[in-house]
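Q: Would you be able to build a 3D model of this:
(one chain, ligands or ions: 1)
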Amino acid sequence: MLKKKMNKDYTPLKETPNDHPIIDVIKNRWSPRVFADMPVSQTDLQSMFEAGRWAASSNNFQPWNIVWGIKGSETYNRIMDLLVEFNQSWTVNAPVLMLGVINTKTPDGKENYHALHDLGQFSAHMALQAHSMGIAIHQMAGVDFEAAKKEFEFPDEYHVATAIAAGYYGGDDDQLNEDLKKEENAPRERKKQNEFLFNGNYVKRESL
Ligand SMILES: Cc1cc2nc3c(=O)[nH]c(=O)nc-3n(C[C@H](O)[C@H](O)[C@H](O)COP(=O)(O)O)c2cc1C
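A: This next block holds a predicted model:
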């Protein structure tokens, strides 16, 4: 990895061994566990949320709801308290914390089986917009989702699906333990295309 600097316009690049050409913002986005020691500006935050807002969703129901808090605020501390211990350990220097919450019902009260998919689209749009501004997003499943729903007074039909940390790239990975530091500097990995693509029937691929 390139040497890190505390600089809003600087993104530490991680090795991404893509097999086919992709646009830079997708190639270079990654999920760090350290962030530069500077607050995320209000205007950048608004652009991130705006990018999520323009994600596609089933029937345009837009089932996403985002709870957000900036470091030092009560909302931030309430979100932090809901994270599992492992995630609390590295989010300590995250300037922004969020919860990604879905409404599991359609406006006419039926099950919305695509709500989780649509929150994923919101998050991906937000992550790519953020990346283009030098901001990293790190999504988390490790959050007490039942407690979070109660804490932020969501009604029964809502589900807290993720927590999200955000901050400018460029933190100091010496803040991490050895294992996490190693992960921070390891190349990104993905399955090969032939492990998940089917140009016809699904075939179990034992060898992969
Ligand atoms: C829905 C979701 C849940 C995740 N949960 C956690 C988590 O609880 N803790 C964590 O450290 N990383 C978590 N991650 C980060 C993934 O491990 C990471 O995105 C993956 O290893 C790929 O790395 P990259 O985003 O840098 O390409 C999560 C990511 C997603 C999308």
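Q: got the residues of this protein near the ligand?
A: For the chain, the contact set with the ligand under C-beta under 6 Å from any ligand atom comprises 30-31, 87, 139-142, 162, 188. Glycine gets a C-beta too; all of them are placed from N, C-alpha and C.
Q: In JSON lines, list those along with neighbour count, pLDDT and distance to Lys181.
A: JSON lines is the format used below for the residues of the chain next to the ligand (neighbours: other C-beta atoms under 10 Å; pLDDT from 0 to 100; distance: C-beta to C-beta, whole Å):
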{"residue": "Trp30", "neighbour count": "20", "pLDDT": "97", "distance to Lys181": "15"}
{"residue": "Ser31", "neighbour count": "15", "pLDDT": "98", "distance to Lys181": "15"}
{"residue": "Asn87", "neighbour count": "20", "pLDDT": "98", "distance to Lys181": "17"}
{"residue": "Gln139", "neighbour count": "18", "pLDDT": "98", "distance to Lys181": "20"}
{"residue": "Met140", "neighbour count": "20", "pLDDT": "98", "distance to Lys181": "19"}
{"residue": "Ala141", "neighbour count": "10", "pLDDT": "98", "distance to Lys181": "22"}
{"residue": "Gly142", "neighbour count": "15", "pLDDT": "98", "distance to Lys181": "19"}
{"residue": "Thr162", "neighbour count": "20", "pLDDT": "98", "distance to Lys181": "24"}
{"residue": "Arg188", "neighbour count": "14", "pLDDT": "97", "distance to Lys181": "16"}
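Q: show me what contacts Lys104?
A: Not Lys; residue 104 is Thr. For Thr104, the contacting residues are 63, 111-112, 115, 157-159, by C-beta atoms under 8 Å, 6 or more residues apart in numbering.
Q: try Arg78
A: Arg78 sits next to 69, 151-152 when contact means C-beta under 8 Å, 6+ apart.
Q: Which pLDDT value does the model give it?
A: Looking at Arg78, its pLDDT reads 98.
Q: same deal with Arg205?
A: Model confidence at Arg205, given as pLDDT, is 77.
Q: Apart from its chain neighbours, what residue comes closest to it?
A: Closest residue to Arg205 apart from its sequence neighbours, by C-beta to C-beta, 6 or more residues apart in numbering: Glu195 at 6.3 Å.
Q: how far away is the one you found from the ligand?
A: 16 Å (C-beta to the nearest ligand atom, to the nearest Å).
Q: so that residue makes contact with Tyr202?
A: No. The criterion here is C-beta atoms under 8 Å, and Glu195 misses it with Tyr202 at 12.0 Å.
Q: So which of these two has more stuff around it?
A: Between Glu195 and Tyr202, Glu195 has the larger neighbour count (other C-beta atoms under 10 Å), namely 10 against 6.
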